[in-house]
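Student: Sequence plus the predicted model coming up.
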Amino acid sequence: GIPLVIDTDTGSDDAVALLLAAAGDLGDVRAVTTVAGNVPVATATRNALVSLETAGRGDVPVHPGCDRPMTRTPSTAQHVHGQDGMGDIGLPDPLRAAEREHAVEVLLSAPRREPGALTLVTLGPLTNVAAALLRDRDLLSRYRHVYCMAGAADLRGNISPTAEFNVWADPEAARVVLGAATPDRVTWIGWDVSRKDAVMTPEDQLRLERLGTPMATFAHRVNRTVADWARDVTGLAGYDLPDPVAMAVALRPDLVVEREEAYVDVALGEETRGQLVIDRRRSAPAPNLTLVRRVSESGFKRLLFDTCARTVPP
Ligand code: BDR
Ligand code: CA
């Protein structure tokens, strides 16, 4: 499998992304680092440990990271993902504790041991990665590739009219990453992609529930509050799975059906906080990012259902 380091603010959809990475044959998860985002970092750490255990990879080290954005006030999304970030279904405590080594140290040291071999996937605010970049400005080039669930390239937001949560939560960190990015090294998969190509329709939700395997039941149940919120608050038909889509692209780049290279910046002002500023003019600076715009819906869902259908040794 592809050797992975995963940085996550583990809530319900991060949890499904961890299953995709850890339970199948496509990924080989070397380390997980956690960050404050959807939930406080201690909760994210616990949720990552439980998710990895569910995937049969209770041996993967989990390293807690930054407990707040670089400069902004922390702001979680527990009204969407549940108080515990996992649908408040009464998940058991993890069987083991997190590691002591800080996430930022791991993001710095892991690619030094295996230069150019590791793929980094980020599923939360970019605080840990930015903190690591401030200490090693060439860090991104030490990874084979960096995939980030970040942004909303069509400017329809989920946390504000035009911003996506991970970029909005720590826009200064996102900017640090963009300042160091090149399109051959860094790919962002935005919330727009999951809304277009990865909506869990009521039929999909039923199918997941009926699979009945431990992983399918887990994936279904931890997304309970997200499903309710989508239906009752946003009025959208079904919930979306942004982090699993980003993970699927990292594991199976062939699932991408439309991509764009562009020069991207992040707005920091009050009204537009976290909005992507994509320069598509002829006079734009050279692209710094690859933006995924569409993925294969059938390919993504096959990967999701096939992974969840598996049973893992206890
Ligand atoms: C991002 O924020 C959270 O809701 C998801 O886990 C994803 O990482 C989407 O905006
Ligand atoms: Ca996330």
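Tutor: Looks like it arrived, so ask away. Ligands and ions are numbered 1, 2, ... in the order given.
Student: switch to C-alpha atoms for all contacts and neighbour counts from now on
Tutor: OK.
Student: ok, so what distance separates the residue nearest the centre of the chain from ligand 2?
Tutor: The C-alpha lying nearest the average C-alpha coordinate of the chain belongs to Leu123 (C-alpha atoms, centre = their mean; 1.9 Å). Noted for Leu123: a distance of 4 Å to ligand 2, by C-alpha to the ion, to the nearest Å.
Student: go on, Asp254?
Tutor: For Asp254, the distance to ligand 2 - C-alpha to the ion - is 23 Å.
Student: same question, Cys66
Tutor: Cys66 is 14 Å from ligand 2, by C-alpha to the ion.
Student: Give me the three-state assignment for that residue.
Tutor: coil (DSSP: H, G, I helix; E, B strand; the rest coil).
Student: which phi and psi does the residue nearest to it when sequence neighbours are not counted have?
Tutor: Closest residue to Cys66 apart from its sequence neighbours, by C-alpha to C-alpha, 6 or more residues apart in numbering: Val35 at 5.3 Å. Backbone torsions for Val35, taken as degrees, to the nearest 10, come to phi -150, psi 150.
Student: any idea how far Val35 lies from Arg96?
Tutor: For Val35, the distance to Arg96 (C-alpha to C-alpha, to the nearest Å) stands at 19 Å.
Student: surely the residue nearest to Cys66 meets Ala130?
Tutor: No: counting by C-alpha atoms under 8 Å, Val35 stays clear of Ala130, with 11.6 Å between them.
Student: between the two, which one's more packed in?
Tutor: Val35 (33 against 25; other C-alpha atoms under 10 Å).
Student: how far does stretch 106-125 sit from the chain's center?
Tutor: Mean-position distance between stretch 106-125 and its chain equals 14 Å (C-alpha atoms, centre = their mean, to the nearest Å).
Student: what about that stretch and ligand 1, any contact?
Tutor: Yes: for a cut-off given as C-alpha under 6 Å from any ligand atom, stretch 106-125 has contacts with ligand 1, namely 123-124.
Student: Please apply the same query to stretch 223-232.
Tutor: No: applying C-alpha under 6 Å from any ligand atom, one finds stretch 223-232 separated from ligand 1 by no less than 8.8 Å.
Student: Run through who's touching that stretch.
Tutor: 12-13, 80-82, 86-88, 236-239 (C-alpha atoms under 8 Å, 6 or more residues apart in numbering).
Student: Figure out the length between the terminal residues of that stretch.
Tutor: Start-to-end, stretch 223-232 (C-alpha to C-alpha) is 14 Å.
Student: just to revisit the earlier point, my guess is the residue nearest to the centre of the chain contacts Val5. True?
Tutor: No: the pair Leu123 / Val5 is not scored as a contact, 11.1 Å apart, by C-alpha under 8 Å.
Student: before we move on, back to that, roughly how far does the residue nearest to Cys66 sit from ligand 1?
Tutor: Per C-alpha to the nearest ligand atom, to the nearest Å, Val35 is found 11 Å from ligand 1.
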